[in-house]
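Q: Got a predicted structure plus its sequence, pasted below:
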Amino acid sequence: MSIHSVIEYFHFFDESIEKQTSIKIQEYYEGIKKEFTCLIQSISSANALPSIKELMILDAKLQILSSLMEDNIFKLSEQEIIRLSEIDSASYYEEIFKLDGMTHTNDYHSLLFL
């Protein structure tokens, strides 16, 4: 799947979040969306790598949020879902690689590990 715009990127999440009746989740999502959009608009050659890192963290927050809302097998509260999204986002992609058997993620030279 190719994503060509911020609107396309958020389309999936917009549909997911609209199904939620939680005001806290919706407000949290809108905050991430606003931060993501502002960051995209401010990227320059001088701040590209730190901006990419922040975008990846925001993406991880959305991945975690979406996953926990869709499959909340532990019956987590809204606040707990948001808390986990915040805490786990910094290491999300590294953990996914480790689940796939890539235990030496430091050996990979990738923007995913900025």
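A: Cool, got the structure.
Q: Select the longest helix from the protein.
A: helix 48-70 (DSSP state H).
Q: Give the next helix or strand downstream of that one.
A: Using DSSP states H and E, the helix or strand that follows helix 48-70 in sequence is helix 78-88.
Q: moving C-terminal of that next one, what's the next helix or strand?
A: helix 92-99.
Q: about what we covered before: list the buried residues for the longest helix of the chain?
A: 51, 54-66, 68-69 (16 or more other Cβ atoms under 10 Å). Any C-beta I mention is one placed from the backbone N, CA and C, and that applies to glycine too.
Q: packing partners for it?
A: Applying 3 or more Cβ pairs under 8 Å, 6 or more residues apart in numbering; DSSP states H and E, we find helix 48-70 packed against helix 6-18, helix 23-42, helix 78-88, helix 92-99.
Q: will you turn those into CSV that also has distance to L111 and mean pLDDT?
A: As requested, the helices and strands packed on helix 48-70 are exported to CSV (distance: least, Cβ to Cβ, whole Å; pLDDT from 0 to 100):
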stretch, distance to L111, mean pLDDT
helix 6-18, 16, 89
helix 23-42, 15, 95
helix 78-88, 19, 95
helix 92-99, 10, 81
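Q: now the ones you listed in CSV, with mean neighbour count?
A: As requested, the helices and strands packed on helix 48-70 are arranged in CSV below (neighbours: other Cβ atoms under 10 Å):
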stretch, mean neighbour count
helix 6-18, 14
helix 23-42, 14
helix 78-88, 16
helix 92-99, 15
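Q: quick one: secondary structure of S44?
A: With DSSP: H, G, I helix; E, B strand; the rest coil as the basis, S44 sits in coil.
Q: Show me what stretch 37-44 is in contact with.
A: Outside of stretch 37-44, the residues within contact range by Cβ atoms under 8 Å, 6 or more residues apart in numbering are V6, S51, E54, L55, L58.
Q: what's near enough to touch the first one?
A: For V6, the contact set (Cβ under 8 Å, 6+ apart) comprises F36, T37, I40.
Q: mind running it again at 6 Å?
A: T37, I40 (Cβ atoms under 6 Å, 6 or more residues apart in numbering).
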